[in-house]
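Colleague: Any chance you could fold what I've pasted below:
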Amino acid sequence: MKYLTITYGCQMNLHESEKAAGILEGMGYTPTDAAEDADLIIFNTCCIRDTAEKRAFGNIGALKPLKKQKKDLIIAVMGCMTEQKGYDEIFRKKYPYVDIVLGTNNLDKLESFIRIRREKGRKSYENVSCDNPINDDLPVTRTSYPNAWVNIMYGCNNFCSYCIVPYVRGRERSRNPEDIVSEVRALVESGYKEITLLGQNVNSYGHDLKDKSVDFAYILEEIAGIEGKFRIRFMTSHPKDLNAEVVDVIAKYPNICNNIHLPVQAGSNDVLRKMNRRYTRERYFSLIDMIRSKIPDCGITTDIMVGFPEETEEDFSQTLSLVEKVRFSNAFTFVYSMRKGTKAVEMQQVDFRTKQRRIKELIALQNRITKEISLTYIGGVYEILVEDVSAKHDGCVCGRTDSGRLVTFKGGADLIGQFVKVKITQSRSASLFGELTEQG
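Modeller: The predicted model follows:
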């Protein structure tokens, strides 16, 4: 029996697909890349933006002819999209050939639902409350070596006015610190070289635990103390919760990457207020100053949204000025997308042409800044963790600097998982190219 997993969205979803794969392989399934060869196909969905949801629905719809040909093919849908109100009925009525619908918190039922479908022919549509406790005792088939994803918490309490996440993933729930440290230690002992800690807002870690001394700075320090040569990354941070204690821990331990993803979303205080972000541009500037005073070479990346409801030209100009002043090493830029059930849907919308003009202007500005920063790397020698062979350059491998910059250089697949020294010889906007100087 073969399975195919199709994943949309964030690293959280990627890791949940690894858990689904672990369950399936424990049942005897093996992976395939071809839908025609699969006995079971899982869609792990995202609903953060409308485009991701439409793409998922389109690809699920495209399987209807295959399902007619292969009556025993099992189609399952899981992830954030299924947790939205009324979506179980959408699948029942518009996609009746879907056999299993799971919410974000009942992945542990995947095996039983598959057996019910195989043995009794019954479909299973169930999405439990997204605030329910999560079963973390699941097998995992990891697919991202030398990186391993580790959840430290689930859910979000922020309720940004544009975001659906709190409604589909529930309120914040922190994992037991001993369980996290034990999982990371086992991964390091197994040879994983980069551990990425995951949470919708990692800076809130521990607030719901009984021991109030346990917070994000605490868990970072505990993990950094594990023996072995490995790196630690994390995502995502919320500016309202990042503090000096966390930055001090990052500065203290060389195995915590000097790389912070700090989504600003907008540069206008008026827009930030309407977004319910609960910080100001001045507060954001003070955080950047604090980070750079403690970690001068820290790579700071961000998320920026344009076209938020009621965003004026002056609001947008303030976003541009913030980007110019902060000089992010990279920015994930996107146009506001309406999501049902959020407060922003009720606000006056910005027209499509204005959004497109603004996103082009923002991208052009950030590309210029990234290119200028890239030039400063030329001639320097950096430690790189080799992650994979290059998809674009034959005979090359790629990996990242401590600050998160992607570097491509000549080398073979035998280098994957090794830390090497690379001299940067060339830059092309966001990409860096170099020569291997030291292996090992």
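Colleague: which stretches of the chain form helices?
Modeller: Here the chain has its helices, by DSSP state H, at 11-26, 50-61, 64-69, 87-94, 110-120, 165-169, 177-189, 216-224, 244-252, 269-275, 281-294, 313-326, 352-375.
Colleague: ok, and for the third one, which residues are buried?
Modeller: Using 16 or more other Cβ atoms under 10 Å as the test for burial, helix 64-69 gives Lys67. The C-beta positions use only the backbone N, C-alpha and C, and glycine is treated the same way.
Colleague: Pull out the CA atoms of that helix and give them to me as CSV.
Modeller: What follows is helix 64-69 as a C-alpha-only set of coordinates in CSV (Å, rounded to 0.1, in the frame of the first residue of the first chain):
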residue,chain,number,x,y,z
LYS,A,64,-12.7,13.1,-8.7
PRO,A,65,-11.9,11.2,-11.9
LEU,A,66,-9.2,9.1,-10.2
LYS,A,67,-11.6,8.2,-7.4
LYS,A,68,-14.0,6.9,-10.0
GLN,A,69,-11.3,4.7,-11.5
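Colleague: residues in contact with Ala266?
Modeller: 272, 275, 277, 304-305, 308, 311, 315, 318-319 (Cβ atoms under 8 Å, 6 or more residues apart in numbering).
Colleague: again, only using 7 Å
Modeller: 272, 275, 305, 308, 319 (Cβ atoms under 7 Å, 6 or more residues apart in numbering).
Colleague: Do I have it right that the second one meets Gln265?
Modeller: Right, Met275. Yes: assessed by Cβ atoms under 7 Å, Met275 is found in contact with Gln265 at 6.0 Å.
Colleague: Arg397: neighbour count?
Modeller: Not quite, residue 397 is Val, not Arg. By other Cβ atoms under 10 Å, 25 other residues sit near Val397.
Colleague: Nearest residue to it in space, please, no chain neighbours.
Modeller: Gly411 (4.2 Å; Cβ to Cβ, 6 or more residues apart in numbering).
Colleague: any idea how far that neighbour lies from Leu320?
Modeller: With the distance defined as Cβ to Cβ, to the nearest Å, Gly411 ends up 39 Å from Leu320.
Colleague: same check, this time on Thr354
Modeller: For Thr354, the distance to Leu320 - Cβ to Cβ - is 14 Å.
Colleague: Same check on Asp208?
Modeller: Looking at Asp208 against Leu320, where the rule is Cβ to Cβ, the gap reads 38 Å.
Colleague: the more surrounded of these two?
Modeller: With neighbours defined as other Cβ under 10 Å, Asp208 and Leu320 compare such that Leu320 has more, 17 against 13.
Colleague: residues contacting the more buried one?
Modeller: When contacts are counted by Cβ under 7 Å, 6+ apart, Leu320 touches 362, 365.
Colleague: gap between it and Met275?
Modeller: Counting by Cβ to Cβ - Leu320 and Met275 are separated by 17 Å.
Colleague: Could you give the number of residues near the closest residue to Gly341 other than its chain neighbours?
Modeller: In this structure, Gly341 finds its nearest non-sequential neighbour in Tyr167, 5.8 Å apart by Cβ to Cβ, 6+ apart. Neighbours of Tyr167 under the rule other Cβ under 10 Å: 19.
Colleague: Can you read off the pLDDT for Tyr167?
Modeller: You'll see Tyr167 listed with a pLDDT of 84.
Colleague: Distance-wise, check it relative to Lys340.
Modeller: Taken as Cβ to Cβ, the span from Tyr167 to Lys340 is 10 Å.
Colleague: Could you dump the contacts of Ala266 into CSV with distance to Gly26, pLDDT and neighbour count added?
Modeller: Output for the contacts of Ala266, formatted as CSV (distance: Cβ to Cβ, whole Å; pLDDT from 0 to 100; neighbours: other Cβ atoms under 10 Å):
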residue, distance to Gly26, pLDDT, neighbour count
Leu272, 46, 98, 24
Met275, 42, 98, 22
Met305, 40, 97, 24
Phe308, 44, 97, 25
Thr319, 48, 98, 26
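Colleague: Max pairwise distance over those: which two?
Modeller: For the contacts of Ala266, the farthest-apart pair by Cβ to Cβ is Met275 and Thr319; their separation is 11.9 Å.
Colleague: what's the span of stretch 392-403, first residue to last?
Modeller: One end of stretch 392-403 sits 22 Å from the other (Cα to Cα, to the nearest Å).
Colleague: and Arg400, what is it in contact with?
Modeller: Per Cβ under 7 Å, 6+ apart, neighbours of Arg400: 384-385, 387, 406-407.
Colleague: Considering these, which possesses the most neighbours?
Modeller: Of these, with other Cβ under 10 Å as the count, Ile384 tops at 28 neighbours.
Colleague: pretty sure it is touching Val422, no?
Modeller: Yes: with contact defined as Cβ under 7 Å, Ile384 reaches Val422; the gap is 4.9 Å.
Colleague: Now do the shared contacts for these two.
Modeller: With Cβ under 7 Å, 6+ apart, Ile384 and Val422 have common neighbours Val407.
Colleague: Just give the number of residues close to Glu36.
Modeller: Counted with other Cβ under 10 Å, the neighbours of Glu36 add up to 10.
Colleague: Kindly report the same for the one 10 residues further on.
Modeller: By other Cβ under 10 Å, 21 other residues sit near Cys46.
Colleague: cool, and Gly379?
Modeller: If you count neighbours by other Cβ under 10 Å, Gly379 ends up with 10.
Colleague: what pLDDT does Asp131 get?
Modeller: As predicted, Asp131 sits at a pLDDT of 60.
Colleague: what does Thr401 give?
Modeller: 96.
Colleague: contacting residues for it?
Modeller: Taking Cβ under 7 Å, 6+ apart, we find Thr401 in contact with 382, 384, 407.
Colleague: change it to 6 Å
Modeller: By Cβ atoms under 6 Å, 6 or more residues apart in numbering, the contact list for Thr401 reads Tyr382.
Colleague: do you know how far it is from Val246?
Modeller: For Thr401, the distance to Val246 - Cβ to Cβ - is 21 Å.
Colleague: just Glu314 next, same as before
Modeller: In terms of Cβ to Cβ, Glu314 sits 33 Å off from Val246.
Colleague: more neighbours, these two?
Modeller: In terms of neighbours (other Cβ under 10 Å), Val246 is the more surrounded of Glu314 and Val246; the figures are 24 against 9.
Colleague: How about that one, nearest residue that isn't a chain neighbour?
Modeller: Ala217 is the one closest to Val246 (Cβ to Cβ, 6+ apart), at 4.8 Å.
Colleague: and that neighbour, what does it touch?
Modeller: Taking Cβ under 6 Å, 6+ apart as the test, what Ala217 contacts is 245-246, 249.
Colleague: Nearest residue to Leu187 in space, ignoring adjacent ones along the chain?
Modeller: Leaving out its chain neighbours, the residue that sits closest to Leu187 by Cβ to Cβ, 6+ apart is Ala148, at 4.7 Å.
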